[in-house]
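Chemist: Provided below are the primary sequence and the corresponding predicted coordinates.
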Amino acid sequence: MIRRNVLLGIAMSTVLGGAYAETYPSKPVTLVVPSAPAGSTDIVARLIGEQLQTALGQAVVIDNKPGGSGNIGTEFVARAPADGHTLLVQYSGYHVGNPALFSQIRWKTSDFAPIALVMRAPHVVAVSGTLPVTNLKDFIAYGQKNSKGLFYASSGNGSIQHIAGEMFGKQAKVPLTHVPYKGAGPVITDLISGQVDMFITTPPSVISHVQSGKLKALAYAGPKRHPSLPNVPTAAEAGLLGYEVESWFAVFAPAKTPPAITARLAAAIKAIVESDTYKKKIEDQGAFAVYMGPAELSKFVEQETAAWAKVVREGNIKAE
């Protein structure tokens with residue numbers, strides 16, 4: 001009897017989920033970005049949202065909820081109705097890094113249903129265009145001679161930029177002081193004006209300012225140069241062997257969102273990510289358009305969570 005009821009419950013859930021998907025979306029869809037405007041997560045959310053609006057036939061709204069090193073916006077989506085109308089556009093440092101760094105966060109990766117990976121981006125070492133350096137070796141020497149060392153920015157305690165800066169300081173033997181912000185957007189303003197010396201981040205946040213000369217990109221922390229930054233050497237070419245840092249960006253829904261809805265969203269986003277228009281826009285930003293569906297993304301998140309926990313543990317990295 002119990003088994004029969006369980007089977008009936010599963011069948012009813014499947015039928016209702018499928019029926020609901022047929023009328024989805026019934027109102028505007030909100031893409032929550034857990035950081036300030038103008039950062040890489042915000043940029044990719046707007047690129048996805050622009051085309052998703054057409055695919056779904058409903059308005060798509062971008063809602064920036066910065067603060068708490070990404071935890072405020074992430075928790076908001078974790079607690080949102082699981083109806084596919086509130087989605088999270090997430091950055092890897094928050095999604096798989098924060099659980100290892102913050103003991104008091106009120107969400108976990110299992111609170112989310114993976115929908116799609118949409119971008120991967122090795123980082124660039126960016127500095128103010130006013131600094132008297134022309135390459136990475138000059139910058140390291142400048143930092144070593146400076147009695148106060150260097151001030152480097154991040155989009156929050158425990159972010160990939162935070163960890164990347166710590167790694168850079170140890171490998172380059174430069175004393176660094178960490179300055180956390182609520183997202184990449186506010187960092188750029190202070191980096192351009194020289195309030196901070198360095199920002200190691202994904203190219204979309206800085207590429208337009210590098211091209212205008214307001215910022216200098218001293219190294220690309222990937223295995224090879226990027227077509228949109230042909231004159232920027234890899235960190236290895238610039239003298240920092242083995243220094244590689246990459247972020248990824250993905251879309252998630254609250255955990256109990258009906259599979260029929262997550263499948264529809266995944267299909268729509270796959271078409272967007274694999275379109276020539278999206279690929280070109282992402283490549284122009286110095287990153288790579290890469291799609292990964294729900295099942296593959298789920299396994300990937302599991303692997304990344306374990307890898308981050310190991311990095312944080314072995315590096316004795318603290319965010320609190």
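Modeler: Thanks, I have it. Numbering: from 1, shown residues only.
Chemist: ok, residue 213 touching residue 129?
Modeler: Yes - using CB atoms under 8 Å, residue 213 is in contact with residue 129, at 5.3 Å. No exception for glycine: its C-beta is placed from N, CA and C like everyone else's.
Chemist: which one of the two has more residues nearby?
Modeler: Higher neighbour count among residue 213 and residue 129: residue 129, with 15 against 8, using other CB atoms under 10 Å.
Chemist: Check the gap between the more buried one and residue 85 for me.
Modeler: Residue 129 sits 42 Å away from residue 85, going by CB to CB, to the nearest Å.
Chemist: ditto for residue 281
Modeler: 25 Å.
Chemist: more crowded one of these two?
Modeler: The neighbour count for residue 281 versus residue 85, taken as other CB under 10 Å, is higher for residue 85 (20 against 17).
Chemist: quick one, what contacts the more buried one?
Modeler: Residue 85 is in contact with 25, 26, 27, 28, 29, 30, counting by CB atoms under 8 Å, 6 or more residues apart in numbering.
Chemist: how far away is the fifth one from residue 164?
Modeler: When CB to CB is applied, the distance between residue 29 and residue 164 equals 32 Å.
Chemist: more neighbours, the two?
Modeler: Each of residue 29 and residue 164 has its neighbours counted (other CB under 10 Å); residue 164 has more, 25 against 20.
Chemist: secondary structure element for the more buried one?
Modeler: helix 160-172 (DSSP states H and E).
Chemist: Go ahead and name everything in contact with that helix.
Modeler: With contact meaning CB under 8 Å, 6+ apart, helix 160-172 is reached by 91-93, 97, 123, 125, 140, 143, 152-156, 174-176, 178, 180, 198-201, 221, 240, 242-243, 245, 247, 311-312, 315, 317, 319.
Chemist: what packs against the biggest strand by length in the chain?
Modeler: Determined from DSSP state E, the single longest strand within the chain is strand 112-122. Other elements packing on strand 112-122 under the criterion 3 or more CB pairs under 8 Å, 6 or more residues apart in numbering; DSSP states H and E are helix 40-56, strand 86-91, strand 246-254, helix 259-273, helix 294-315.
Chemist: C-terminal to that strand, what's the next element?
Modeler: strand 124-128.
Chemist: Can you give the distance from that following strand to the centre of its chain?
Modeler: Distance of strand 124-128 from its chain centroid, counting by CA atoms, centre = their mean, to the nearest Å, is 18 Å.
Chemist: And the helix or strand just after it, what's buried?
Modeler: Sequence-wise, the next helix or strand downstream of strand 124-128 (DSSP H and E) is helix 136-145. Residues of helix 136-145 classed as buried by neighbour count (16 or more other CB atoms under 10 Å): 136, 139, 140, 142, 143.
Chemist: ok, how many other residues are close to the spatially closest residue to the third one that is not a sequence neighbour?
Modeler: The spatially closest residue to residue 140, leaving aside those adjacent along the chain, is residue 172, at 4.7 Å (CB to CB, 6 or more residues apart in numbering). Counted by other CB under 10 Å, the residues lying close to residue 172 total 20.
Chemist: how near is residue 172 to residue 294?
Modeler: In this view, residue 172 and residue 294 are 40 Å apart by CB to CB.
Chemist: before we move on, the earlier item: out of the contacts of residue 85, what pair is the most spread apart?
Modeler: 26 and 30 (13.3 Å; CB to CB).
Chemist: Name the residue in these two with the higher neighbour count.
Modeler: With neighbours defined as other CB under 10 Å, residue 26 and residue 30 compare such that residue 30 has more, 18 against 10.
Chemist: quick one: that one is in a strand?
Modeler: Yes - per DSSP: H, G, I helix; E, B strand; the rest coil, residue 30 lies within a strand segment.
Chemist: What residues are bridge-paired with it?
Modeler: residue 61, residue 86 (DSSP bridges).
Chemist: what about residue 215, how many residues close to it?
Modeler: Residue 215, neighbours per other CB under 10 Å, totals 24.
Chemist: isn't it right next to residue 193, touching?
Modeler: No - when contacts are counted by CB under 8 Å, residue 215 is not listed as touching residue 193 (11.0 Å).
Chemist: Quick check: neighbours shared by these two?
Modeler: Counting by CB under 8 Å, 6+ apart, the residues touching both residue 215 and residue 193 are residue 128.
Chemist: Enumerate the beta-bridge partners assigned to the spatially most central residue of the chain.
Modeler: In the chain, the centroid-proximal residue (CA atoms, centre = their mean) is residue 91; its distance is 2.2 Å. With DSSP bridges as the criterion, residue 91 is bridged to residue 249.
Chemist: ditto for residue 234
Modeler: Bridge pairing for residue 234 - DSSP bridges - gives residue 220.
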